[in-house]
Structure formats: structure tokens, C-alpha cells
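Q: quick check, what structure comes out for this input:
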Amino acid sequence: MVDLDLAVPLASPNPGKCECGCGQTTRMFKGQPRRYISHHHLRVPFWDRIEKRDDGCWNWTGRLSERGYPYFQIDNKRRRAHRWLWEQINGPVPEGYELDHLCRNRGCVNPDHLEVVTHAENMKRSKWGSATHCKRGHEFTPENTYYRRGSGRTCRTCYRASQARMRARKKAMA
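A: Predicted structure coming up:
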């Protein structure tokens, strides 16, 4: 069984010892021993960063990436919390696959709310993949949808209009 408590904070009754639980001797500062070795105050057990909600989501209360995904540092590496927890319970995510949040909450780390899927499947399930109309209101039908390699789908009506505008600009410059 994997121990999921990354660092159990223990109050050190010994002055001069780090209070994170590592037991290392701290430096003196103005005649007093410091409470922590540098950055050890950031060591918080993994489970203390999770807030369990009534809807079943386990919201991460630690750091979030720019895109809203939970992360933390372990062994000086930045790890996504939901992926790390999934891997501790289920093993590694297979090559070419990723985790999809079934609850659509990026900050959730509940393994029951995660599913291993391909990137294409994850995109289909996203708000962009489930759109029925383009941003100008044209419906995505088989006849009106153009799939571009590497960049998803495009509305054919809008694509033709942008190509016509580009040709007109080139003609006006010539």
C-alpha cells in the first residue's frame, strides 16, 4: 500500500528542530532557533489540501495552474494532483491517453470523477467539442464541417468566407 501522506507535520517539542517533522536542526535567528528549515513550512499532507463537497467533488485547496488544474511539488517536480492521485491508486496512465474530469471541475481530484480517454475523446466531451454551432451561428453538420489536421473542426461557411476575404486583400494589394 502506498503511503499518501507526503509529509506529516508534527509539532516539535524540541526547540531548534524543524517543526515539519523531518527532525533536522534549524538555524539560529537573532538568538532564537527558527521553527522551520527554509520551505519546510510548505510541507502539508496531501489529504489536508482536499475539501470534500456534497456533490462528490474533492476540491483541491492548494495551488492551481494557470488553466485551473491542481498541482503540488514532490521531489522538486511539479505534479498535477489529480493525475498523481490517480496513478497512486490505479497505476500509470497509458501512453497516448489522458485523464478526463467527468464532473467538468478541473480542480477536482476525486479518482471516481476521472476517466482515462484519448485526447480526441477528451476534446469531444469539452465545451468546444460539444458545440452544435460555430461562433457565427452556423450549424455543425457533416456537410458544413471541415476537419483540419491538428486544429480541430471549422465551419465550412466561415472558412470559405475567410478565404474569400484573403483573396480580396491579395488582389487589392497587387
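
Q: show me where the chain has its helices.
A: Under the criterion DSSP state H, the chain contains helices at 81-90, 119-125, 156-173.

Q: restrict the shortest one to CA atoms and write it as PDB.
A: Put plainly, it is helix 119-125. Extracted in PDB, the C-alpha atoms of helix 119-125 (Å, rounded to 0.1, in the frame of the first residue of the first chain):
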ATOM      1  CA  HIS A 119      -7.100  13.400 -26.300                       C
ATOM      2  CA  ALA A 120      -9.700  13.400 -29.200                       C
ATOM      3  CA  GLU A 121     -12.300  11.900 -26.800                       C
ATOM      4  CA  ASN A 122     -11.500  14.500 -24.200                       C
ATOM      5  CA  MET A 123     -11.900  17.300 -26.700                       C
ATOM      6  CA  LYS A 124     -15.200  15.900 -27.900                       C
ATOM      7  CA  ARG A 125     -16.500  16.000 -24.400                       C
END
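
Q: does anything pack onto that helix? Which helices or strands?
A: strand 97-101 (3 or more Cβ pairs under 8 Å, 6 or more residues apart in numbering; DSSP states H and E). For the C-beta atoms, the positions are set from N, CA and C on the backbone; glycine is no exception.

Q: by contact count, what packs against the strand it packs on?
A: helix 81-90, strand 114-118, helix 119-125.

Q: now it: buried residues?
A: Using 16 or more other Cβ atoms under 10 Å as the test for burial, strand 97-101 gives 99, 100, 101.

Q: where does the prediction get shaky in the chain?
A: Low-confidence segments of the chain (pLDDT under 70): 1-14, 19-23, 36-44, 127-130, 150-151.
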